[in-house]
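J.: here are the coordinates; sequence isn't available:
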């Protein structure tokens, strides 16, 4: 998930480590806290795989041997996605199987990069996520029916709160799916209007 998010951010523009950590926090939100202890090993793995490249804007070989350590942005290593990294990112955003939506964190990363995702893929991921959450809701409802008479009122309210949260997510996903379908329908209608109507050849004989 972390490496997927890194590739997605570098797809947009090169960044140094501090910028990446800040943007990852915005992309992942409350799903996961990113530390430098997890970020830099991930960057090294991606670099070793040839998916990203790093560049120091100021070549140290050109500096005097006794030059002081660089500070500020000019001294930071900048990371950029490679052609292989772009291919890998394209593979990741095109995934529509359970790995794209069963896990909440993974789904969140996919959603964050939906602007890079084909319309039909977005719709399949959203529908898959809704099915997953609906199954969670069904399990919660079944558990609540079986155990509510045995629970104290505080535990019962906690379970009801969890069920309400799942219900809200189902409604939210349904709104996103309806919006995607509407957008797709409008795009199809626009393409149909732009398609030229076939005309008969000038010398065609009509009856």
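T.: On my side now, so go ahead. Owing to the predicted nature of the structure, the values given are computational and were not obtained by experimental measurement. Numbering: from 1, shown residues only.

J.: quick one: secondary structure of residue 53?
T.: strand (DSSP: H, G, I helix; E, B strand; the rest coil).

J.: and it, what are its bridge partners?
T.: With DSSP bridges applied, residue 53 shows beta-bridge pairing to residue 80.

J.: quick one: contacts for it?
T.: Taking CB atoms under 8 Å, 6 or more residues apart in numbering, we find residue 53 in contact with 47, 79, 80, 82. Yep, even glycine has a C-beta here, placed from its N, CA and C like the rest.

J.: what's the offset of the least confident helix or strand in the chain by mean pLDDT from the middle of its chain?
T.: Of all helical and strand segments in the chain, the minimum by mean pLDDT, DSSP states H and E falls on helix 17-28, at a mean of 86. Distance of helix 17-28 from the chain centroid (CA atoms, centre = their mean, to the nearest Å) equals 14 Å.

J.: what's the answer for stretch 112-130, then?
T.: For stretch 112-130, the distance to the chain centre is 9 Å (CA atoms, centre = their mean).

J.: give me the residues contacting it.
T.: Contacts of stretch 112-130 (CB under 8 Å, 6+ apart): 5, 8, 11, 27-28, 89, 93-94, 96-98, 100-102, 107, 110-111, 170, 173-174, 176-177, 180-181, 183-184, 187.

J.: how does this structure divide up, domain by domain?
T.: When the chain is parsed with automatic domain parsing, its domains come out as 2-58+75-104, 119-190.

J.: right, and these - which one's nearest residue 196?
T.: Closest to residue 196 of these, according to CB to CB: domain 119-190, at 14.1 Å.

J.: how far does that closest one stretch from start to finish?
T.: Distance between the two ends of domain 119-190: 15 Å, counting by CA to CA, to the nearest Å.

J.: returning to what we had before: out of the contacts of residue 53, which is most surrounded?
T.: residue 79 (22 neighbours; other CB atoms under 10 Å).

J.: tabulate the domains of the chain (CSV), appending distance to residue 196.
T.: Converted to CSV, these look like this (distance: least, CB to CB, whole Å):
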stretch, distance to residue 196
domain 2-58+75-104, 31
domain 119-190, 14
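
J.: would you tell me which one of these is buried the most?
T.: domain 2-58+75-104 (a mean of 16; mean count of other CB atoms under 10 Å).

J.: and that one, how far from the chain's centre?
T.: Using CA atoms, centre = their mean, the mean C-alpha position of domain 2-58+75-104 is found 11 Å from that of the whole chain.
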